[in-house]
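Trainee: This is the structure alone, sequence omitted:
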């Protein structure tokens, strides 16, 4: 039996994207897995550096402004400059470059009071829902096992 590699991005989807280019011919089996791992490492680096910028600014929520600052600060992400310039600065307090952030208004107090009234009904609904859920998940597999099938195979095959 083959060892399953724990990639975070589906190799089949990566292969499909690669084959969308007419210049790409055959793709070896290991290539989509390697691209998946490279993508994972790239995104981890981008997120870590953006997180550092978020902490330095004193914010608790990472937003598009922090991502833009990260791309502009580190030369490794220069190829993303055109992409991030098209994204508006939602949630940011400082304008990045000559762009200005989009201001957001707080909802009215009457709306907040309505939400407080609904909080009690929400909490009771959530308590009812959580009591119905099995501690092992959604229970879909249990139904299949009781019926004699486990993911398309009979119990005797196991």
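Mentor: Okay, I see it. All of these numbers come straight from a predicted model, not from anything done at the bench.

Trainee: From now on I want contacts and neighbour counts done on CA atoms only, so please keep to that.
Mentor: OK.

Trainee: outside of stretch 18-29, which residues touch it?
Mentor: Residues from elsewhere that reach stretch 18-29, judged by C-alpha atoms under 8 Å, 6 or more residues apart in numbering: residue 15.

Trainee: how long is that stretch end to end?
Mentor: Using C-alpha to C-alpha, to the nearest Å, one end of stretch 18-29 lies 13 Å from the other.

Trainee: okay, now the domains of this structure?
Mentor: Taking automatic domain parsing as the reference, the chain has its domains at 1-59, 63-128.

Trainee: ok, of the ones you listed, where does mean pLDDT dip lowest?
Mentor: Ranked by mean pLDDT, the domains of the chain end with domain 63-128 at the bottom, a mean of 68.

Trainee: now the helices for the protein?
Mentor: 11-19, 30-57, 64-73, 81-85, 109-132, 140-146 (DSSP state H).

Trainee: can you list contacts of the fourth one?
Mentor: Okay, so that is helix 81-85. 67, 68, 71, 72.

Trainee: roughly how far apart are the first one and residue 60?
Mentor: This points to residue 67. Counting by C-alpha to C-alpha, the gap from residue 67 to residue 60 is 14 Å.

Trainee: The third one now?
Mentor: Shown here: residue 71 relative to residue 60, a distance of 19 Å by C-alpha to C-alpha.

Trainee: more neighbours, those two?
Mentor: With neighbours defined as other C-alpha atoms under 10 Å, residue 71 and residue 60 compare such that residue 71 has more, 21 against 9.

Trainee: For the closest residue to the more buried one other than its chain neighbours, give its distance to residue 8.
Mentor: Leaving out its chain neighbours, the residue that sits closest to residue 71 by C-alpha to C-alpha, 6 or more residues apart in numbering is residue 77, at 5.1 Å. Distance, residue 77 to residue 8, using C-alpha to C-alpha: 22 Å.
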